[in-house]
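1. please work out how this folds:
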Amino acid sequence: VKTFMDVAYETLPTLNIPKALQDTSSLILTTPLPESKKPTFNSALPVLIYNSYNLDPLWRNDMDANRILLLEPSHFKRFPVSEKVMRFLIKLSENIEGIQLFVGEIDQLMDFGTQQFFSKEHPAFHYYLGERDKPSWMFPSAKAMGSFSSFWKVCEKEIN
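-> Residues are numbered from 1 along each chain as shown. Sure thing, here's the model as predicted:
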């Protein structure tokens, strides 16, 4: 059976939109964020900020600190995730001893009276104040490459 996709790649840009693809709809995605309350702080201790990109239970685990999983509504409005993903993130955070969940913006968190903040660098959270640790890489010697195959060859060497 021949379909509208059974053409050479070079031909695709010159074709009209197939009837089957002409109808469109708007997709509005939202993230169901959990309820949270104001975290309890020991203001003498620093705050370690965790987020959906940093749930490393070993990160600074020898440090006496307030540990906060920060879920910013503004971030999830821009980058929505499903309810299952949110449940997974929260469940995964339970591996971090003493972590508290806070749904709110970073500036709200900084208003709670603690002076020292730590987080891990991530392009989505470049606006966090305080000290930012370098990210942990699964394959530290693998850099951005032209293809996944090239990248994976370097990674395989580290695995072996």
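
2. any figure for the gap between T11 and F4?
-> 11 Å (Cβ to Cβ, to the nearest Å). (C-beta placed from N, C-alpha, C; glycine too.)

3. ok, these two, which is more surrounded?
-> Neighbour tally, T11 and F4, criterion other Cβ atoms under 10 Å: the higher count belongs to F4, 13 against 8.

4. how much space is there between the residue most central in space within the chain and K120?
-> With distances taken as Cα atoms, centre = their mean, the residue of the chain nearest its centroid is Y53 (3.4 Å). Separation of Y53 from K120 (Cβ to Cβ): 8 Å.

5. please apply the same query to L89.
-> Taking Cβ to Cβ, one finds L89 at 15 Å from K120.

6. burial measure for the residue lying closest to M145 once chain neighbours are set aside, as a count.
-> Take M145 and drop its neighbours on the chain: the residue closest to it by Cβ to Cβ, 6 or more residues apart in numbering is F151, 4.6 Å away. Neighbour count of F151, defined by other Cβ under 10 Å: 15.

7. helix or strand for F151, just tell me which one.
-> Secondary structure from DSSP states H and E places F151 in helix 148-159.

8. contacts for that helix, please.
-> Under the contact criterion Cβ atoms under 8 Å, 6 or more residues apart in numbering, helix 148-159 has outside partners 138-145.
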